[in-house]
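Student: sequence and predicted model, in that order:
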Amino acid sequence: MMKRDYYEVLGVSRTASDEELKKAYRRCAMKHHPDRNPGDAQAEALFKECKEAYEVLSDPARRRAYDAHGHAAFEHGMGGGGGPAPDMGDIFGDIFGTIFGGAGQRAARRGADIGYVMELDLEEAVAGIEKRIEIPTLAECHHCRGSGSEDGKVDTCGTCLGRGQVRFQRGIFTMQQTCPDCGGRGQSISNPCKHCHGAGRIEDEKVLSVKIPAGVDSGDRIRLQGEGEAGPPGTPPGDLYVEVRVREHEIFRRDGDDLHCEVPIRISQAALGDVVNVPTLDGEAEIRIPAETQTGKVFRLRGKGVRSVRSRAPGDLYCRVVVETPVNLTAEQRELLEKFEATFTGEEGRRHSPRSATFLDGVKSFWDRMTSS
């Protein structure tokens, strides 16, 4: 089975800082931790996957090796440890770059990654949707086709002889750094493009059609490989990361695969019982309110939640009933309620309102203790 890109696993760009990596790992680990998902083999596999990704990307040497060679860097570990062989050129480059002010730095190997936040309604996120987006980006110059040359002629850099790096002596050390004349490209342009001024890239706006799979949630990211900024001449473009943000819904609140909502009912429905219709994402459903239902009681509708992109089965819908006090009473309604209230007297009233009676007994006991102390 092909491994997923480690940056995609954590949902970060390839330029993510150490702090961004740490936050992404914590979020991923908390979501899929086996303690929070007992018996869920898929969650356990995702937890191990994000742990492995963070172990590699949080280590500078391993991250450089992964950026350069991908998962192939881990196929032959050193010393039987199974980890990636460190890139010694990068390690020494970092050391000498720190000491001698930039020696050993390498030219960019690809264009920059870019991010885009897509806001969706809950219904769109649950069902999936295809949307067109417009993003500002650095695109390949169409006039020079990314070469940076007005006439298409590109010469080998005379300073580095096409290597992109130059060597020089510093005491007993032979140092290497990015060529100052070509910026690591290994090429020189005598007649720069008038549109991009020799950069090979221009500011542009890209229009893309993005397919959002069913069941995504806020924080989920979709990676579009090669749709990021164009790289310097001769290098591939970066990636585009579309982050989903689901708008707040007027009825439902989503919690993972489950949905929650409040259902108002009248006092008479709560006391006598009734059948009420409740909304779901795919139509109406019925719940039976038993007699003597108290406010706050929760009814569960199995399978009426969300089937997320990582789930095999949909979640549930939890309906919390709220007994609503009637307002704007007519004279007749008020009279009926007054007669009804008059029946709640003495011990008979305590029998009909057990929680209220228990509360009043507790208050009386509290004040007795206060006055006797």
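Tutor: It's in. Numbers count the residues shown, from 1 in each chain.

Student: assign Gly226 to helix, strand or coil.
Tutor: Taking DSSP: H, G, I helix; E, B strand; the rest coil as the rule, one finds Gly226 in the coil state.

Student: roughly how far does the closest residue to it other than its chain neighbours sit from Glu8?
Tutor: Nearest residue to Gly226, sequence neighbours excluded (CB to CB, 6 or more residues apart in numbering): Pro237, at 5.1 Å. From N, CA and C alone the C-beta is placed, and that goes for glycine too. Distance, Pro237 to Glu8, using CB to CB, to the nearest Å: 16 Å.

Student: what's across from the residue nearest to Leu224 when sequence neighbours are not counted in the sheet?
Tutor: Among residues not flanking Leu224 along the chain, Leu240 sits closest, at 4.2 Å (CB to CB, 6+ apart). Here Leu240 sits in beta bridges with Ile114, Leu224, as judged by DSSP bridges.

Student: from memory Leu240 sits against Gly111, does it?
Tutor: No - the pair Leu240 / Gly111 is not scored as a contact, 10.5 Å apart, by CB atoms under 8 Å.

Student: please enumerate the shared neighbours of the two.
Tutor: Shared contacts of Leu240 and Gly111, defined by CB atoms under 8 Å, 6 or more residues apart in numbering, are found at Gly228.

Student: which one's more surrounded, Pro237 and Glu8?
Tutor: The residue with more neighbours, out of Pro237 and Glu8, is Pro237; 22 against 16, by other CB atoms under 10 Å.

Student: so who does the more buried one touch?
Tutor: Arg110, Gly111, Glu140, Gly226, Glu227, Gly228, Glu229, Ala230, Gly231.

Student: out of those residues, who's the most crowded?
Tutor: Neighbour-wise, the contacts of Pro237 (other CB under 10 Å) top out at Gly228, 26 neighbours.

Student: ok, the residue lying closest to it once chain neighbours are set aside - contacts?
Tutor: In space, and not counting its chain neighbours, Gly228 is closest to Gly238: 2.9 Å by CB to CB, 6+ apart. Contact analysis of Gly238 by CB under 8 Å, 6+ apart lists Arg14, Arg110, Gly111, Ala112, Asp113, Ile114, Gly226, Gly228, Glu229, Gly231.

Student: if I look at the second one, how far off is Glu324?
Tutor: Meaning Arg110. From Arg110 across to Glu324, the span is 59 Å (CB to CB).

Student: quick one: the helices in the protein?
Tutor: Assigned by DSSP state H, the helices in the chain fall at 6-10, 18-32, 41-57, 60-69, 88-100, 122-127, 267-272, 331-342, 346-352, 354-372.

Student: hey, least reliable of those by pLDDT?
Tutor: Ranked by mean pLDDT, those bottom out at helix 88-100, with a mean of 37.

Student: local confidence estimate at Tyr116?
Tutor: So Tyr116 comes in at 92 (pLDDT).
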